[in-house]
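K.L.:
no sequence on this one, just coordinates:
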């Protein structure tokens, strides 16, 4: 798809919003106000970044060049003197990266470049030292432009003797811009453990790169926004533990550019057991997701799960793959109230990677059943035996039961040792989770006497006027 006019920059994001029935007047208004000015864009906040990211992914003739060691003013002068005849400039964005961020950044943008072979962190360190020296922060300016006639800019750029990065193909373009125009992606550069990603958890690395290859080869790049990896992928990328499989949420397959998308995904699933697809509107969709997703969205601070797919506050990219934000995954683990999830939460809290409150677990659990799996007699029997409807929609029923406290805590202790090599005692787990001693059960006859005595004391205070 080709970009023709300046105001068409907003078309891809508006089309995406319409696809998700997403309507945010303030964000749309911010875009419209900016485009009406028809000026060089230099302020990139929130939705403006998202607009450019969607435009860059969808428009073949819209591109970016990353420059280091040149200010905005000098970059504009360089553009005017050297590139203006071949391109139309739309904006200049400035970013600053720490040394740690820069390592993760270069690892990604050069990952598929056959001329670079970063096998060790030291290789990246040496490259940075050679090209830029070692600094606390590195400032970059990104030139956003439309190529008028598909002109090859490399010969012109090479004559400049400037440090620049210009994508050679669509894959590199997607990787670069999903970092530059997604605030969460930039933020995660500080948290993802590149050393462990390169050297540890080889099975997880194999899973992730296989899925990435499938995504870019089988799915049209304009459909990638419908695919989002979630769950233990974050623990893996943070360098904490391996993942057992790869969970992928896929939105409804309507209005897809990818031909025969469901057939392709079925074949992918059959050939790759480690990929666990949840595809809305297909046989890969569990009905309980219809009630769980709105609840999950609420826990993340929004009203619809579509917002998590659309709004960059709730997802980031690694090597061009869309991944749910860790804080969304943390909320899911807290809500699950399972011992293994609490083991993961303890490690996340211990590593101080994110600021969240670790609540004391509830020693009750809810068992769920889909009404569609029950006949009328079975449903009535459940409702007579303390089962209740989850919601007015009557899709599921649930029953609350007590959890074996000792088994719950023992499982946390085992999980911490098994997955993180972190040895603790049961008492350590109790202290970490602020678990108070369990109240001993009182003989019913004694409890009745205590209750009667308390009632008599209250009655006496009322009579004597000493109640308050």
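P.N.:
It's in. No experiment lies behind these values; they were computed from the predicted model shown.
K.L.:
now residue 89: which helix or strand?
P.N.:
Per DSSP states H and E: residue 89 is located in strand 87-98.
K.L.:
mind listing what's buried along that strand?
P.N.:
Using 16 or more other C-beta atoms under 10 Å as the test for burial, strand 87-98 gives 87, 89, 90, 91, 92, 93, 95, 97. All C-beta spots, glycine's among them, are computed from the backbone N, C-alpha and C.
K.L.:
and the second one, what are its bridge partners?
P.N.:
Think residue 89. Per DSSP bridges, residues listed as beta-bridge partners of residue 89: residue 145.
K.L.:
and the next helix-or-strand element following the strand holding residue 89, average pLDDT?
P.N.:
Where DSSP H and E defines the elements, the next helix or strand beyond strand 87-98 is helix 99-109. Averaging pLDDT along helix 99-109 gives 95.
K.L.:
look up how far residue 48 lies from the residue lying closest to residue 92 once chain neighbours are set aside.
P.N.:
Closest residue in space to residue 92, ignoring its immediate chain neighbours: residue 72 at 5.2 Å, by C-beta to C-beta, 6 or more residues apart in numbering. With distances taken as C-beta to C-beta, to the nearest Å, residue 72 is found 16 Å from residue 48.
K.L.:
between these two, which has more neighbouring residues?
P.N.:
More neighbours surround residue 48 than the other of residue 72 and residue 48, with 20 against 16 (other C-beta atoms under 10 Å).
K.L.:
against which helices or strands is the host helix or strand of the more buried one packed?
P.N.:
Using DSSP H and E, residue 48 sits in helix 47-58. Here helix 47-58 touches helix 11-19, helix 25-37, strand 62-68, helix 170-180, going by 3 or more C-beta pairs under 8 Å, 6 or more residues apart in numbering; DSSP states H and E.
K.L.:
so can I have JSON lines of the ones you listed showing distance to residue 155?
P.N.:
Converted to JSON lines, the helices and strands packed on helix 47-58 look like this (distance: least, C-beta to C-beta, whole Å):
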{"stretch": "helix 11-19", "distance to residue 155": "30"}
{"stretch": "helix 25-37", "distance to residue 155": "33"}
{"stretch": "strand 62-68", "distance to residue 155": "14"}
{"stretch": "helix 170-180", "distance to residue 155": "19"}
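K.L.:
for stretch 267-278, give the mean pLDDT please.
P.N.:
94.
K.L.:
can you give me the strands in the stretch 151-300 of the chain?
P.N.:
Here the stretch 151-300 of the chain has its strands, by DSSP state E, counting those that start in this stretch, at 163-166, 227-230, 246-250, 275-279.
K.L.:
how about those strands, which one is nearest residue 187?
P.N.:
strand 227-230 (17.2 Å; C-beta to C-beta).
K.L.:
now residue 203: closest residue in space that isn't a chain neighbour?
P.N.:
Per C-beta to C-beta, 6+ apart, closest to residue 203 is residue 242, 6.1 Å.
K.L.:
return the set of buried residues in the helix or strand containing residue 78.
P.N.:
Secondary structure assigned from DSSP H and E places residue 78 in helix 72-82. Going by neighbour count (16+ other C-beta under 10 Å), the buried part of helix 72-82 is 72, 75, 76, 78, 79.
K.L.:
now those residues as CSV including distance to residue 175?
P.N.:
Shown next, in CSV, are the buried residues of helix 72-82 (distance: C-beta to C-beta, whole Å):
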residue, distance to residue 175
72, 24
75, 22
76, 26
78, 25
79, 24
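K.L.:
which among those residues gets closest to residue 369?
P.N.:
Looking across those and measuring by C-beta to C-beta, the closest to residue 369 is residue 72, at 60.4 Å.
K.L.:
residue contacts, the residue positioned nearest the centre of the chain?
P.N.:
When C-alpha atoms, centre = their mean is applied to the chain, the residue found nearest the centroid is residue 324 (1.6 Å). Residues counted as contacts of residue 324 (C-beta atoms under 8 Å, 6 or more residues apart in numbering) are 228, 229, 230, 234, 249, 308, 314, 315.
K.L.:
for residue 207, give me the pLDDT.
P.N.:
pLDDT, residue 207: 96.
K.L.:
for residue 464, same thing?
P.N.:
On the pLDDT scale, residue 464 is placed at 65.
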